[in-house]
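**Student:** Sequence and predicted structure, then a few things I'm wondering about:
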Amino acid sequence: MKILMVCLGNICRSPLAEGIMKTKVPDSFFVDSVGTISLHEGEHPDKRAIKTAANHGIDISKQRSRPITNEDLENFDKIYCMDIDVYEDVISKAKNEEQRQKIFLFLEIFGDHENAEVPDPYWGDMNDFEDVFQLLDKGCDAILNHLKINN
C-alpha cells in the first residue's frame, strides 16, 4: 500500500501526517508527502513542525518538500489532501476516474464533510502545530482502521 499526504507547501501538515503515518503502518507500506506548489521545494519541514513531531518521538527533520507529480497520481494507492483547495487542485490533475477515486480529504474518514479540513498552522504558534498534530494522529488511526476493514 502506497499512501501520499498532500498540503499546500509540504512543510507543515503533510510532513507531520507522513511522519505520524509511518509510525503506524507495517513495513510493507510506503508513505510520502508532497505539496501542490513548489515554493518550498527541497526545503526541510517548518521548524515548528519538526519540533512538534520530535515532542512525540517522531523525526521528520530529514524530509524534503517536493511538489506533486503526474507519477504520484499513477503510483499511489491513496492520496489524502489536507483541505478543500488542495483537494480540488489534486483532483484537477487527475487524468482519469481511476486516479480521481484515489483522492480524498484527509478528515473525510470521519464523515463530517463540513469539518473535513486540517487547518494550516503556518501562521500560528506552537499550540496550533500541536492541535494539528493531534488531529492528524486521530485521522491516521481512522484511515488505518478503514483500510484494514477494506483489505
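**Tutor:** Sure, I can see it.

**Student:** what's the average pLDDT for the longest helix along the chain?
**Tutor:** For the chain, the helix with the greatest residue count under DSSP state H is helix 126-150. Mean pLDDT, helix 126-150: 91.

**Student:** So which residues lie in contact with that helix, not counting its own?
**Tutor:** 1, 3, 12-13, 16-17, 20-21, 24-25, 48-49, 51-53, 55-56, 78, 80, 106-107, 109-110, 118-119, 121 (Cβ atoms under 8 Å, 6 or more residues apart in numbering). Yep, even glycine has a C-beta here, placed from its N, CA and C like the rest.

**Student:** So among those, which ones count as buried?
**Tutor:** Neighbour counting with 16 or more other Cβ atoms under 10 Å marks 3, 12-13, 16-17, 20-21, 25, 48-49, 52-53, 78, 80, 106-107, 109, 118, 121 as buried within the contacts of helix 126-150.

**Student:** Which members of these occur in helices, if any?
**Tutor:** Using DSSP H, these in helices are Arg13, Leu16, Ala17, Ile20, Met21, Arg48, Ala49, Thr52, Ala53.

**Student:** May I ask which two of those residues are separated the most?
**Tutor:** Largest separation among those by Cβ to Cβ: Met21 and Arg48, giving 19.3 Å.

**Student:** Just the pLDDT for the residue in the chain sticking out farthest from the centre.
**Tutor:** When each C-alpha in the chain is compared with the mean C-alpha position (Cα atoms, centre = their mean), Asn96 comes out farthest, at 21.8 Å. Looking at Asn96, its pLDDT stands at 97.
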